[in-house]
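Participant: Provide a 3D model corresponding to the input given below.
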Amino acid sequence: ETQLVESGGGSVQAGGSLKLSCKVSGLSFEAYSIGWFRQAPGKEREGVSCMPNPLGRTYYKDSVKGRFTISSDNAENTVYLQMNSLKPEDTGVYYCVAARGSCLRGDYWGQGTQVTVSS
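Facilitator: Numbering: from 1, shown residues only. Now for the predicted structure:
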């Protein structure tokens, strides 16, 4: 069974940092693109960052470039999202996603972790 389990969400003040983790099991980690989406209240889910496989350029949503960094630990089948200089507009539920090819395919999803940034 394929599982993606997120952790690391929480509440912080603007300017703070959080690091999200996504533990992946049940699939060949190196064969999938892994990334993060988020959904704010009343808004559509949007892509935040994606590490493509086969290897390609890492994607970041324009509004998070320079503040967020995606990384992976292949030995632990875990993907991270380091989020610095957080803004209230970063508030939302963050979802880990795994997919063949583009992250947009969204083959597998985690349950989500809440990030709340207060001003």
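
Participant: quick one, what contacts the residue nearest the centre of the chain?
Facilitator: Of all residues in the chain, the one closest to the mean position by Cα atoms, centre = their mean is residue 36, 2.4 Å from it. By Cβ atoms under 8 Å, 6 or more residues apart in numbering, the contact set of residue 36 is 20, 22, 47-50, 70, 79, 81, 94-97. Glycine gets a C-beta too; all of them are placed from N, C-alpha and C.

Participant: once you drop chain neighbours, what's closest to it?
Facilitator: Nearest non-adjacent residue to residue 36, counting by Cβ to Cβ, 6 or more residues apart in numbering: residue 48, 4.5 Å away.

Participant: now do that neighbour against residue 1, distance only.
Facilitator: Computed as Cβ to Cβ, to the nearest Å, the residue 48 to residue 1 distance reads 26 Å.

Participant: element containing the residue nearest to residue 36?
Facilitator: Using DSSP states H and E, residue 48 falls within strand 46-51.

Participant: so what strands line up beside that strand?
Facilitator: Strand 46-51 pairs in its sheet with strand 33-39 (antiparallel), strand 59-60 (antiparallel), by DSSP bridges.

Participant: now that strand: mean pLDDT?
Facilitator: Averaged across strand 46-51, the pLDDT comes to 97.

Participant: could you check how far it is from the centre of its chain?
Facilitator: When C-alpha coordinates are averaged (Cα atoms, centre = their mean, to the nearest Å), strand 46-51 and its chain have centres 6 Å apart.

Participant: one more: stretch 105-119?
Facilitator: The chain centroid and the centroid of stretch 105-119 are separated by 7 Å, computed with Cα atoms, centre = their mean.

Participant: in it, what counts as buried?
Facilitator: 108, 109, 110, 112, 113, 115, 116, 117 (16 or more other Cβ atoms under 10 Å).

Participant: residues contacting the closest residue to residue 59 other than its chain neighbours?
Facilitator: Counting by Cβ to Cβ, 6+ apart, residue 59 lies nearest to residue 50, which is 4.3 Å off, once chain neighbours are set aside. Applying Cβ under 8 Å, 6+ apart to residue 50 gives the contacts 33, 34, 35, 36, 58, 59, 70, 97, 102, 103.

Participant: sounds good, over and out.
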